[in-house]
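> Coordinates for the following, if possible.
(chains A and B)
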Amino acid sequence: MSAVDAKSTAPPVERYKAAFEARWPGTDELTALRRAALDQFLSTGFPTQRDEAWKYTNLRRLETRSFTPAEASALDAHQPGWLTTGGTRIVLVNGHWLPALSSQTAQPPGVTVLTLKQWLQREPAAVATYLKDHDQLSGNALEQLNLAFFEDGVVVNLADNVIVDAPIYIVHESTSTAAGRMSHPRVIVTAGRNSRATIVEHYLGANEAEYFTNPVVRFQIAAGGAIKHFRVQQEAPRAFHLGHIQTRLAKDARYSIHDIQLGGSLGRTGITALLEGSGAHAALFGLLAPMGTQHLDAHTRLDHIAANTTSEEDYRGIAGGRGRGVFNGKVIVRPDAQKIDARQSSRNLLLSPTAEIDSKPELEIYANDVKCSHGATTGQLDATALFYLRSRGLSESDARAALIRAFAESILSTIDLEPVHAALERQIDERFKLANEAKA
Amino acid sequence: MLSIKNLHALAGEKQVLHGLDLEVGAGEVHAIMGPNGSGKSTLAQVLAGREGYTVTEGSVTYNGKDLLALAPEERAREGVFLAFQYPVEIPGVNNVYLLKAGLNAIRKHRGESEMDAFEFLTLVREKMKLMQMDESFLNRGVNEGFSGGEKKRNEILQMAVLEPSLALLDETDSGLDIDALRVVANGVNSLRRPDRAIVMVTHYQRLLDYIEPDKVHVLSAGKIIKSGDKSLALELEKRGYDWVKQEAAA
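Numbering: from 1, shown residues only, chains lettered A, B, ... in the order given. The predicted model follows:
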């Protein structure tokens, strides 16, 4: 226990109450909503390993820390780690919008991109209604915590039949140098009928301090709409990152996500896709690469509510050092949801004897005419392949890096957005060359 | 070039080589023949430096260096090449990447500069033509989904690009039909040079119809029990191995 912890006598979650009263003293409708969410969080508390969904991820270390809302902060320029995607870029620094580095390219008619604060200013009642509809029902304590404390975020609205070619790039940069700051950004995407767009979310931090990012992301995709979502988590080494994504899909809607987790000390992405209309399809791709003492967790839930819905899921984990990875993939097929096709695959690579990956598929099937498959494998680098490459002159570290890259490539190759694809290939190469050198 | 003296080696826990002696000079082509289990493949693996094979006695000197003290990649960079009996499939690692990374590692070791992309592709195209391989193979994963014959051709392609001074061919003829055998043999023959030695390990005489050896050795129970010229191979084909074993025992 550190000195900071020893001084605190109040139960850990009570500290959030003090932080809340200091930040949100008002009594307006939204603040009342925030307070109700806080109360729910306080009464539930952080999930524990007794919760099945948190069996492999222990939040005790997070729970013992004190966090206060992170302040807005300026940045001078485009940071080297940011992607160049060519479309609209919205930059949030410590959860606050930074207009100076954000840029809006001309959008086709029918597309609205706002910050959450702008939407609040324009239509406070609509925001309150929206938040009530979507979040008071959710029951997840950490999402309640986000609702209590969110400062800003991004709101994207696509009218029917609108097609946005250039990706919308959302940067979440953490710069707090003081320890114990938290941010709760929120991204809300509402896609009309037959609309199409690509959303890139990028979480980064270059600081040494311990901080906590707790984002909530919501997609609502109307009939025939299609959203491609790329999410790259590259938080700073001491960060806690708990992301909560929920997507609702109507008839023939499509959603795909690439959940790439590289950074942070403790990171988790919770993804729920609700397939509510016939013909809806969700595709979940993920790559987790915990190294050192990192703990990275992907918790997915594909809920086949309507008949004739399909899903595919392909996650890969690469763990080195004392890194720990978790994949929990739940597929639910509701009663009467017939003609379901759900495929799931989880493959893992352990680079050291002290690395660990827990892979847990869960199928809950209440209908009888369904096709569900799942497979999970965990192994090490193939010694024969390693020897083959070395026998051609490659150093052991280059041979290992080539095999690790090959393993990751099955996920990376499905990223059809070149700036993201190229940046991740570089990241993976760099990461594992560094890891190999450290090992040598 | 290569001097093997009194080599004893284990494959896993099992003693397979029991005092093998072999001298290979520059420019020579040697064939090592022998029945199954005689230690042919173990010899090839030991020379390439594969894990799981332990030398318990004896020495291997290559161009004046202690070969056994070198890591597999150091042997490759010094010019030793093993054409695998069972080439490994490595999905996700491109053939072209492997060729380039290997060639540049070897060139760097020799103090030469890396090849630029144009020079490299010109070289690779020329060698692919020799091996009658389609260029589409370049961007496929290493040996991924290749037929048996394609894999063996790919081994010789790598050898042609990397230009070793000592080439070890482990059962390169196995699993090849006659047309593929001709292409592979053609590729190997084109690499014969006064400063390069080739050691072929083979079960059948057939390969030697296409790649004519200077010397033929019979390996039995982990030792070379008879050496001769190419006529020995023909005699083995006719009479089998038993008479050599009896002669050696006598």
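> A:W82 in helix, strand or coil?
Following DSSP: H, G, I helix; E, B strand; the rest coil, the label given to A:W82 is coil.
> which residues does it contact?
Taking CB atoms under 8 Å, 6 or more residues apart in numbering or on different chains as the contact definition, A:W82 lies against A:89, A:171, A:202, A:204. For the C-beta atoms, the positions are set from N, CA and C on the backbone; glycine is no exception.
> Sheet-wise, list the partners of whatever helix or strand A:Q246 lives in with their directions.
Mapping A:Q246 onto the secondary structure by DSSP states H and E places it in strand A:240-249. In the sheet containing strand A:240-249, the strands it pairs with under DSSP bridges are strand A:211-213 (parallel), strand A:216-221 (parallel), strand A:266-275 (parallel).
> pLDDT on that strand, on average?
Regarding strand A:240-249, the rounded mean pLDDT is 97.
> ok, back up a step: reformat the strands paired with strand A:240-249 into CSV and put mean pLDDT next to each item.
Rendered in CSV, the data for the strands paired with strand A:240-249 read as follows (pLDDT from 0 to 100):
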stretch, mean pLDDT
strand A:211-213, 97
strand A:216-221, 96
strand A:266-275, 97
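> Columns distance to B:Q85 and mean neighbour count on top of these, output as TSV?
As requested, the strands paired with strand A:240-249 are arranged in TSV below (distance: least, CB to CB, whole Å; neighbours: other CB atoms under 10 Å in any protein chain shown):
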stretch	distance to B:Q85	mean neighbour count
strand A:211-213	53	25
strand A:216-221	53	24
strand A:266-275	45	24
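> Just put these in TSV and tack on distance to B:P213.
Below are those laid out as TSV (distance: least, CB to CB, whole Å):
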stretch	distance to B:P213
strand A:211-213	68
strand A:216-221	68
strand A:266-275	61
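> Inside strands: which ones of the contacts of A:W82?
Residues from those lying in strands, with DSSP state E as the criterion: A:89, A:171, A:202, A:204.
> show me what contacts the residue in the stretch 51-200 of chain A that chain B sits nearest to?
Each residue of the stretch 51-200 of chain A has a distance to chain B, by CB to the nearest CB, and the smallest belongs to A:L83, at 23.5 Å. Contacts of A:L83 were listed using CB under 8 Å, 6+ apart, and they are A:169, A:200, A:202, A:419-420, A:423.
> contacting residues around the longest helix anywhere in chain A?
Here the longest helix in chain A is taken by residue count, with DSSP state H as the criterion, and it is helix A:418-439. With contacts defined as CB under 8 Å, 6+ apart, helix A:418-439 is touched by A:83-86, A:200, A:230, A:232, A:234, A:258, A:260, A:262, A:287, A:289, A:291, A:318, A:320-321, A:351-352, A:396-397, A:400-401, A:404-405, A:408, A:412-413, A:415.
> Now list the buried members of those residues.
By neighbour count, with 16 or more other CB atoms under 10 Å in any protein chain shown, these hold A:83, A:85, A:200, A:230, A:232, A:234, A:258, A:260, A:262, A:287, A:289, A:291, A:318, A:320-321, A:351, A:396-397, A:400-401, A:404-405, A:408, A:412, A:415 as buried.
> Could you measure from A:A223 over to chain B?
With the distance defined as CB to the nearest CB, to the nearest Å, A:A223 ends up 38 Å from chain B.
> about what we covered before: now the ones in strands among the contacts of A:W82 in CSV, with pLDDT and distance to A:N368?
As requested, the ones in strands among the contacts of A:W82 are exported to CSV (pLDDT from 0 to 100; distance: CB to CB, whole Å):
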residue, pLDDT, distance to A:N368
A:R89, 94, 48
A:V171, 96, 47
A:H202, 98, 43
A:L204, 96, 47
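> Of all the residues in chain B, which one is nearest chain A?
Nearest residue of chain B to chain A: B:G92, at 2.6 Å (CB to the nearest CB).
> Identify the residue spatially nearest to that residue, adjacent ones excluded.
Spatially, and ignoring its direct neighbours in sequence, B:G92 is nearest to A:A406 (2.6 Å; CB to CB, 6 or more residues apart in numbering or on different chains).
> And the strand holding A:Q246, what's buried?
A:240-249.
> Which SSE is immediately downstream of that strand?
Using DSSP H and E, the helix or strand that follows strand A:240-249 towards the C-terminus is strand A:254-261.
> and that following strand, what's its mean pLDDT?
On average, the pLDDT along strand A:254-261 is 98.
> Stretch A:55-72 now?
Computed over stretch A:55-72, the mean pLDDT rounds to 93.
> Only alpha carbons, please: show that stretch as CSV.
The C-alpha coordinates for stretch A:55-72 follow below in CSV (Å, rounded to 0.1, in the frame of the first residue of the first chain):
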residue,chain,number,x,y,z
LYS,A,55,-13.3,-13.2,-13.3
TYR,A,56,-9.8,-12.6,-14.9
THR,A,57,-9.5,-8.9,-14.4
ASN,A,58,-8.9,-7.5,-11.0
LEU,A,59,-9.8,-3.8,-10.5
ARG,A,60,-8.4,-3.6,-6.9
ARG,A,61,-5.4,-1.5,-7.9
LEU,A,62,-7.7,0.9,-9.8
GLU,A,63,-10.1,1.0,-6.9
THR,A,64,-7.5,2.0,-4.3
ARG,A,65,-6.5,5.1,-6.2
SER,A,66,-8.1,8.5,-5.9
PHE,A,67,-9.0,10.3,-9.1
THR,A,68,-10.2,13.8,-9.8
PRO,A,69,-11.5,15.1,-13.2
ALA,A,70,-8.7,15.9,-15.6
GLU,A,71,-8.4,19.5,-16.7
ALA,A,72,-8.4,20.8,-20.3
